[in-house]
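*Asks:* coords please:
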Amino acid sequence: MSMNINQEPTGNIIILTLNGRLDTMNFALLENEVNSLIKDNKKYIVLDCQALEYVSSSGLRVLMMSLNQVKAVGGKFSICNLQPSIIKIFKISGFDRLFDIFPGRDEAVAFCN
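*Replies:* Below is the predicted model of the structure:
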């Protein structure tokens with residue numbers, strides 16, 4: 001199964017909606033998307049994971065790299081709408097303490113403002 005990324009600007013914030021599986025087959029899609037946003041000086045990013053079904057260790061790695069890149073340019077990176085199975089993966093890996101995670105899109109966008 002593949003992954004689609006939809007980009008939705010809202011003010012100076014870019015919302016990336018992930019749909020599908022973030023794994024070894026397609027983590028580069030997200031990596032390229034975030035790199036491209038940072039090159040365009042867009043450094044306030046919200047990941048909406050409502051339709052994200054699965055994340056692998058390579059997916060977690062690209063999330064961490066994205067967070068570090070955004071912080072390096074003085075931006076903000078938040079995640080919202082994680083599915084229960086993915087919340088469990090985040091907790092096991094300790095990622096729930098590294099990322100700013102919100103239950104809904106409005107809170108994630110407010111954090112980035």
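*Asks:* where does the prediction get shaky in this protein?
*Replies:* Counting by pLDDT under 70, the low-confidence segments of the chain come to 1.
*Asks:* so in it, which helix runs the longest?
*Replies:* helix 57-72 (DSSP state H).
*Asks:* neighbours of the closest residue to residue 108 other than its chain neighbours, how many?
*Replies:* Distance criterion CB to CB, 6 or more residues apart in numbering; nearest residue to residue 108, sequence neighbours excluded, is residue 80 at 3.8 Å. For every residue, glycine as well, the C-beta is placed using N, CA and C. Using other CB atoms under 10 Å, residue 80 is surrounded by 21 other residues.
*Asks:* what's the answer for the one 3 residues further on, then?
*Replies:* As a burial measure, residue 83 scores 15 neighbours (other CB under 10 Å).
*Asks:* now do the buried residues in stretch 62-69.
*Replies:* If you call a residue buried by 16 or more other CB atoms under 10 Å, then stretch 62-69 has these buried ones: 62-63, 66-67, 69.
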